[in-house]
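In: Have a look at this prediction, sequence included:
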Amino acid sequence: MSRLVIVSNRVSLPTERGTKAGGLAVALDEAMIPGSLWFGWSGRRAASTSTRAKIVTHGGIDFATIDLGEADYTRFYAGFSNGALWPLLHYRTGLFEFRRDDYNGYRSVNVAFADALAPLLRPDDLIWIHDYQLLTLAAELRSLGITNRIGLFLHIPFVPPAFLHIMPTAAALLEAMTSANLIGFQTEGDRLNFMESLNSCINVTQINDRCFSHSCGQTETIVTPVGIDVDGFTSMAQRAANRPDTLRLTSSLVGRALAIGVDRLDYTKGLPQRFDAFGQLFRRHPEHLRRVSLLQIAARSREDVDRYQALRRELDRKVGDVNGEFSDFDWTPLRYMTRAVNRSTIAGFYRIAKIGLVTPLRDGMNLVAKEFIAAQNPEDPGVLILSRFAGASERLEDALIVNPFDVDAVADAIHRGLIMDKFERIARHSALLAAIRSQTAASFCTQFIDALKAAPLQAIRPGHRNGHYNSSKKSRRFLVRERNDASVPSP
Ligand code: ADQ
């Protein structure tokens, strides 16, 4: 049986899992069976980027990590990944910042990943690369002569060509992505955007609506939405409901309803608009004054990126505004914490909440929506309010679907959820539960891996040795530089 090799920017060690906020580690839990290898960044910054991985084994799984040099980290992670790709692929062109130096840093970290990973690979390994930080890794592995099947899954949205063309190196990025045998997306809309962008930017031939050919063979595309372990999460929520933290939260509410939001503190998650909508609820429907509190748990994320610091300041102000206007001496409408909370504690909080607010301005999928549904008591469930711009909304149409930019409409949806009768809540919840059961974490992994096993192999890229790790970095770095120069127009 082939070994599965997962590659992601950050490796999540079992010892760090409990309180880590982030969908990727949750999504990949099911794929990590004994005998697998997970490769990526250790989370540590060093004087320079290491090209030899440190390996630790937990529960039969090998975790191989490298450290990133301070300068590489800044250009690769804070710069190109989170200053350019993240906003652009979330349709936030106003926040897009392109610096060629950052792009080169991104390419060289992808090279370093390939250099450190290649010696660990076996001939029949299945390599599964994750997300926007590693779009060029498949090409770097190919240039080392790695012929294994390589899959790439994008956890975040993909934009239409008109957006992608803003990226000066779009063609080079797309070209590099075609070194993967299989590219996966969260939704059909993202997959179609990718196909259109590809056709408009580089020279490929579409074989059918899912597959295209290029000079080295074929690349297939697939939609495999990320899900959760529904039964596991339900049991966790049932257990957590009787634990001290949940009981303390319940008693602090003194009979009032709880609305809950759980997100990484990120500008894609629509938190300022959510806070505005919650304030607007009391203006439009004053009968809810003193009757409901919103608990927003917003784990700090990417704190060294300027835009994230600005968002934090903006949210601090907004919380003050809403609470200043509506609080009473014995009631605070908005409870706000900026740290990660243990997953099982969150599961208990979801279970006692009457409203789950999941209102991103754009999101690849959004696992919080699925966790909220799984955590509910089916005999007296809460109501999910879900942004139409979350990938999750494609299959969760029985939630109250909102446009998160329309603050009044979100306020009205909260009102509707708070007064919804039990019969309607149960009907909606049972349809939502069936929907999340049809797309679990396990089915995400199985569908992608099965499709990767069946994907046609690609031809060896010219100039590289068949199936052997070619340690001649000098010539490869030259190739990389050449490719950059060809794709980045002169200023
Ligand atoms: P994320 O943007 O990280 O992931 P999401 O899908 O919402 O987003 O997952 C977040 C996970 O972290 C959830 O499991 C949630 O419970 C947890 N979490 C969030 N805030 C937390 C907090 N304060 N404390 C503790 N845990 C917290 C990316 C994409 C998403 C996509 C996932 C998976 O942006 O669109 O759904 O990958 O593919």
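Out: Perfect, I can see it now. Numbering: from 1, shown residues only.

In: tell me the domain boundaries of the chain?
Out: Following the assignment in automatic domain parsing, the chain carries domains at 4-226+442-481, 230-438.

In: any chance of those domains in TSV, plus mean neighbour count and mean pLDDT?
Out: Any C-beta I mention is one placed from the backbone N, CA and C, and that applies to glycine too. Conversion of the domains of the chain to TSV gives the following (neighbours: other C-beta atoms under 10 Å; pLDDT from 0 to 100):
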stretch	mean neighbour count	mean pLDDT
domain 4-226+442-481	19	89
domain 230-438	19	97
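
In: would you list those in JSON lines and tack on distance to the ligand?
Out: Shown next, in JSON lines, are these (distance: least, C-beta to the nearest ligand atom, whole Å):
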{"stretch": "domain 4-226+442-481", "distance to the ligand": "3"}
{"stretch": "domain 230-438", "distance to the ligand": "3"}
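
In: How about residue 308: what's its closest non-neighbour residue?
Out: For residue 308, the nearest residue in space outside its immediate sequence neighbours is residue 302; the separation is 4.8 Å by C-beta to C-beta, 6 or more residues apart in numbering.

In: so is the one you found in a helix, a strand, or just coil?
Out: When classified by DSSP: H, G, I helix; E, B strand; the rest coil, residue 302 comes out as coil.

In: For it, which residues are in contact?
Out: 78, 82, 266, 308 (C-beta atoms under 8 Å, 6 or more residues apart in numbering).

In: State the pair within those residues that is farthest apart.
Out: When those are compared pair by pair using C-beta to C-beta, the two farthest from each other are 78 and 266, 14.1 Å apart.

In: re the thing from before, against residue 9, how distant is the residue nearest to residue 308?
Out: 12 Å (C-beta to C-beta, to the nearest Å).

In: One more: residue 141?
Out: 16 Å.

In: now the longest helix that the chain contains: how far from the chain's centre is it?
Out: Using DSSP state H, we find that the single longest helix of the chain is helix 306-326. Once both centres are worked out by C-alpha atoms, centre = their mean, to the nearest Å, helix 306-326 turns out to sit 24 Å from its chain's centre.

In: Ok, stretch 230-243 next?
Out: Between the centre of stretch 230-243 and the centre of its chain there are 23 Å (C-alpha atoms, centre = their mean).

In: now swap in stretch 294-301 and tell me
Out: 17 Å.

In: One more: stretch 197-208?
Out: With C-alpha atoms, centre = their mean as the basis, stretch 197-208 stands 26 Å off its chain's centre.

In: cool, stretch 289-303 as well?
Out: 20 Å.

In: 15 is where my numbering starts, stick with that
Out: New numbering, starting at 15: the last item is stretch 303-317.

In: Would you work out how far apart the start and end of it are?
Out: One end of stretch 303-317 to the other measures 34 Å (C-alpha to C-alpha, to the nearest Å).

In: before we move on, what about stretch 213-233?
Out: For stretch 213-233, the first-to-last residue distance is 13 Å (C-alpha to C-alpha).

In: same deal with stretch 448-460?
Out: When the termini of stretch 448-460 are compared using C-alpha to C-alpha, they are 19 Å apart.

In: give the contact list for residue 85.
Out: Under the criterion of C-beta under 8 Å, 6+ apart, the contact list for residue 85 reads residue 119.

In: so what's the backbone phi/psi at the residue most central in space within the chain?
Out: The geometric centre of the chain, computed from its C-alpha atoms, lies nearest to residue 169 (C-alpha atoms, centre = their mean), at 4.6 Å. Residue 169 has phi and psi values of phi -80, psi -20 when expressed as degrees, to the nearest 10.

In: and the gap between it and residue 135?
Out: Summarising the geometry, the distance separating residue 169 from residue 135, computed by C-beta to C-beta, is 23 Å.

In: ditto for residue 228
Out: 23 Å.

In: go on, residue 96?
Out: According to C-beta to C-beta, residue 96 and residue 135 sit 28 Å apart.

In: Kindly report the same for residue 91.
Out: Noted for residue 91: a distance of 24 Å to residue 135, by C-beta to C-beta.

In: try residue 237
Out: With the distance defined as C-beta to C-beta, residue 237 ends up 27 Å from residue 135.

In: Could I get the full set of strands for the stretch 365-505 of the chain?
Out: Listed in chain order, the strands of the stretch 365-505 of the chain (DSSP state E, counting those that start in this stretch) span residues 369-372, 397-401, 414-416.

In: Now render the ones you listed as CSV, adding distance to residue 385.
Out: Compiled in CSV, these are given as follows (distance: least, C-beta to C-beta, whole Å):
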stretch, distance to residue 385
strand 369-372, 9
strand 397-401, 10
strand 414-416, 17
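
In: Indicate which one of the ones you listed is closest to residue 473.
Out: Among the strands of the stretch 365-505 of the chain, the nearest to residue 473 by C-beta to C-beta is strand 397-401 (42.9 Å).

In: Pull the residues that contact the longest helix of the chain.
Out: The set of residues external to helix 320-340 that reach it, using C-beta under 8 Å, 6+ apart, is 97, 101, 109, 279-281, 285-286, 289-290, 292-293, 296, 303, 312, 314-317, 346-348, 350, 352.

In: Convert the helix or strand just after it to PDB, retaining C-alpha atoms only.
Out: From helix 320-340 onward toward the C-terminus, using DSSP states H and E, the following helix or strand is strand 348-351. Only the C-alpha atoms of strand 348-351 are listed here, as PDB (Å, rounded to 0.1, in the frame of the first residue of the first chain):
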ATOM      1  CA  LEU A 348     -21.300  41.500  23.500                       C
ATOM      2  CA  ARG A 349     -18.700  39.200  25.200                       C
ATOM      3  CA  TYR A 350     -15.500  39.200  23.300                       C
ATOM      4  CA  MET A 351     -12.400  37.100  23.700                       C
END
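
In: Contacts for stretch 462-472 next, please.
Out: Contact partners of stretch 462-472, identified using C-beta under 8 Å, 6+ apart, comprise 16, 18, 45, 140, 142, 156, 161, 163, 165, 167, 193, 195-196, 198, 230-234, 236, 238.

In: before we move on, what about stretch 111-124?
Out: Stretch 111-124 is touched from outside by 63, 82, 85-86, 88-91, 93-95, 97-98, 101, 147-151, 154, 181-183, 494, 498, 502, with contacts defined as C-beta under 8 Å, 6+ apart.

In: re the thing from before, how close does the residue nearest to the centre of the chain get to residue 58?
Out: Separation of residue 169 from residue 58 (C-beta to C-beta) stands at 23 Å.
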